[in-house]
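Student: Fold the following, please.
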Amino acid sequence: MEEVVSQFIALEFTMKSLGVRSEKVSPTISSFFENVQSIAASASHSMVVKNEENGATSLWTFGLNDYGQLGVSIPETEDELSIRLPDTRDQCTQSSSNLDASSAQPLPSDAKNESRPEGGSENQKGDPEKGVDYRLTPVLVTSLSKHKIIRISCGSTHAAVVTDQGKLFTWGQGIYGQLGLGAVLQRYTPYEVTTLGSEVFINDVQAGSFHTAIITSAHSLYTCGAGTHGELGHGDFKNLYYFTMVSYLKKLKIVQVSCGRYHTAAVTSGGSVYTFGAGEHYQLGHGNDLSLSTPKCIDIFKRIKAKIKQVSCGAYHTVSVSVCGQLFVWGTGKEGELGLGTQNKVATVPTLNDIHHDMSVSKAYASDGCTMVISDVGKIWAMGANAYNIFDQPTDQRAD
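Tutor: Numbers count the residues shown, from 1 in each chain. Next up, the predicted model:
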């Protein structure tokens, strides 16, 4: 329930990012979302998993669908279902030179001439002349109705889910390889990732802005997608179009991972935190602004004997929670997302944020310019940018 309450606030941000202005700008109970199992949201789209009476689950999505990230478009032909680049693994491990990264639009010379599916649903609210496709109310992803979903995650323009059978499905934009399906530029409906083999059971998935990470039942970490900042952790700055094990961590048991805009953080079974990727905003927590293409352990946690149980990556900052309920923050906090006061807008290493001396933190979530914290007694604390009235009420809220 804690995760549902904390991420529900992100859903409201999604709706407001679409230009939807509701009179109820504070968290409001939705009768539609009864029996909610989990929620995921990005700045453009959201996903909600509901538990059904028969023990099954249903996945509902809403928000922008300009890259098929809602998983509900129905192309007229198979060619429109998936746009692909030439599919060779040698080419897929390189940074593609014929993609326009600034506009995020595919520019392959031999790509199929594909037109975006036209919506015929009453729920589709868009501007056909501008090619805008979005849904203002939740729609059911019918292609996953036969699967029981246990994990979900939203990237900037892609989505991923894990089933109780350890299967991974991805869809949306794949221009950087973030779908893990090879040289697929875009998929409008969920597609199973099978390149790891049937013997690999997937426990968790986390989508960053343009990259994706998964944890297997063997506690191995795999990544794919944009790697130009080193966020994939493979020792280079290349994009990867297939999930590849982070070999630098293969001797460790990874129990949790979080993907930010351009960086990644992983927690081991021993409570250590490894970070890699962009570091120009000190979001890696190593005391400098260097970017890293291989995972590096944050030493300060060992020195202060703090074991970490959870980590969350925002755009330019990172937060973590220790097994003792302590909150640590680091990175850039120009919007107040570190919660360290107006005089402390940068933390180069993990810094204790003692919100209240008598409060123990259960979980913390970092986003683009803001942070949500949940105490062990169900209180929600928020800090950072409030451009969309994300925390319209006082920041001390109880998650009843």
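Student: CA only for contacts and neighbour counts going forward, please
Tutor: OK.
Student: Show me the shaky parts of the stretch 201-350 of the chain.
Tutor: In the predicted model of the stretch 201-350 of the chain, residues 343 satisfy pLDDT under 70.
Student: packing partners for the strand or helix carrying Met372?
Tutor: According to DSSP states H and E, Met372 maps onto strand 370-375. Helices and strands touching strand 370-375, by 3 or more C-alpha pairs under 8 Å, 6 or more residues apart in numbering; DSSP states H and E, are helix 2-17, strand 361-366, strand 379-384.
Student: which of those has the lowest average pLDDT?
Tutor: For the helices and strands packed on strand 370-375, mean pLDDT drops lowest on helix 2-17, to a mean of 41.
Student: so after it, what's the next helix or strand?
Tutor: Next along the chain after helix 2-17, taking DSSP H and E as the criterion, comes strand 36-41.
Student: quick one: contacts of the helix or strand just after that next one?
Tutor: Sequence-wise, the next helix or strand downstream of strand 36-41 (DSSP H and E) is strand 45-51. Under the contact criterion C-alpha atoms under 8 Å, 6 or more residues apart in numbering, strand 45-51 has outside partners 11, 14, 33-41, 57-65, 69-70, 149, 152-154, 157.
Student: next one: stretch 274-288
Tutor: Identification of contacts with stretch 274-288 by C-alpha under 8 Å, 6+ apart yields 229-233, 262-267, 289-299, 316-318, 330-332, 346-350.
Student: switch the cut-off to 6 Å
Tutor: Applying C-alpha atoms under 6 Å, 6 or more residues apart in numbering, the external contacts of stretch 274-288 come out as 229-231, 262-266, 289-297, 316-318, 331-332, 348-350.
Student: again, but for stretch 196-209
Tutor: Contacts for stretch 196-209 (C-alpha under 6 Å, 6+ apart): 153-156, 166, 212-217, 259-261.
Student: Can you show me the helices along the stretch 201-350 of the chain?
Tutor: For the stretch 201-350 of the chain, the helices defined by DSSP state H, counting those that start in this stretch cover 299-303.
Student: where does the stretch 1-150 of the chain dip in pLDDT?
Tutor: In the stretch 1-150 of the chain, residues with pLDDT under 70: 1-31, 74-132.
Student: run the last query once more with 80
Tutor: For the stretch 1-150 of the chain, the stretches with pLDDT under 80 are 1-33, 73-132.
Student: Ramachandran coordinates for Thr157?
Tutor: Per-residue torsions, Thr157: phi -140, psi 20 (degrees, to the nearest 10).
Student: How about the contacts made by it?
Tutor: Here Thr157 is in contact with Gln69, Gln173 (C-alpha under 6 Å, 6+ apart).
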